[in-house]
Structure formats: structure tokens, C-alpha cells
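Undergrad: Everything below, folded, please.
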Amino acid sequence: MVNNKQVYSIEVLCRGKYESWEFEKEEERDRFYESVKKKFADHAFEQEPTDVEDTEILQLSANSVHIDDEGEVDQKMRYDWFHYDSFGNMLSYINRQYKNE
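TA: All right, here's what the predicted structure looks like:
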């Protein structure tokens, strides 16, 4: 019996706060992730913020987890960074759009 499991999610991590949303298909998740990135592009860091306090960074990530029937986990993650001040707006936007998917 094969019990392979796929989990596709978007996650927001900021100042110890964590939220995530799951998707049935990787393509749906990728489309949604890109729409969030586009919506908040003016709040994004151009590159990985190395000279900025962690408390000033919001991390948006797309996570793909594959668990095979032996329990082996293969995880792929990509992420983008945004300024902390967009946290509330991004959370509201994701929650509104996610319900409409």
C-alpha cells in the first residue's frame, strides 16, 4: 500500500508569529504565492537582508513537502523577504484571497 503524501503551503513568519495555508495542488500554491509577492512588491527587500534586524523582516515562503511510504521526507522551500510593516496587510490579503480560491 502506497501512502505518499504531498503538502503544499504558503507560510508567513515574522517576529515569532507564524501562519500557514495549505493547497491541494502545487500549481495553485505557486500562483497564489506569486500574487502575494506582486501585491507587496513595494515592501520587498531586493536581496536577502543581512544588515537588518530580524525583527524588521517578514518572511513569506512556499513550502513543498513529499512524504513517501517509508516516512522519508523531501522538502523544498523558497522564500522572499518583506519589511515588517507589511505584516498586517499581508495577513489580511492572504486570508481574504485564500477563502476565494
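Undergrad: Would you map the helices across the chain?
TA: Using DSSP state H, the helices of the chain run over residues 26-39, 87-99.
Undergrad: can you tell which of these is closest to residue 53?
TA: helix 87-99 (14.4 Å; CB to CB). C-beta coordinates here come from the backbone N, C-alpha and C atoms, glycine included.
Undergrad: counting contacts, what elements does the closest one pack onto?
TA: Secondary-structure packing of helix 87-99 (3 or more CB pairs under 8 Å, 6 or more residues apart in numbering; DSSP states H and E): strand 5-14, strand 17-23, helix 26-39, strand 57-67.
Undergrad: mind showing which ranges of this protein have poor pLDDT?
TA: 1-3, 101 (pLDDT under 70).
Undergrad: before we move on, the earlier item: adding mean neighbour count, write the helices and strands packed on helix 87-99 out as TSV.
TA: Shown next, in TSV, are those (neighbours: other CB atoms under 10 Å):
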stretch	mean neighbour count
strand 5-14	17
strand 17-23	14
helix 26-39	15
strand 57-67	18
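Undergrad: can you redo those as JSON lines with distance to residue 90?
TA: What follows is the helices and strands packed on helix 87-99, written out as JSON lines (distance: least, CB to CB, whole Å):
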{"stretch": "strand 5-14", "distance to residue 90": "6"}
{"stretch": "strand 17-23", "distance to residue 90": "10"}
{"stretch": "helix 26-39", "distance to residue 90": "7"}
{"stretch": "strand 57-67", "distance to residue 90": "7"}
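Undergrad: closest one to residue 48 among those?
TA: Taking the helices and strands packed on helix 87-99 one by one with CB to CB, strand 57-67 is closest: 9.5 Å.
Undergrad: Now do that closest one: everything it contacts.
TA: 3-14, 20, 26, 29-30, 33, 36-37, 40, 45, 49, 73-84, 86-87, 90 (CB atoms under 8 Å, 6 or more residues apart in numbering).
Undergrad: How about stretch 16-32?
TA: 6-12, 62-64, 87, 91, 94, 97-98, 101.
Undergrad: Name the nearest of these relative to residue 55.
TA: The closest of the contacts of stretch 16-32 to residue 55 turns out to be residue 87 (CB to CB; 11.0 Å).
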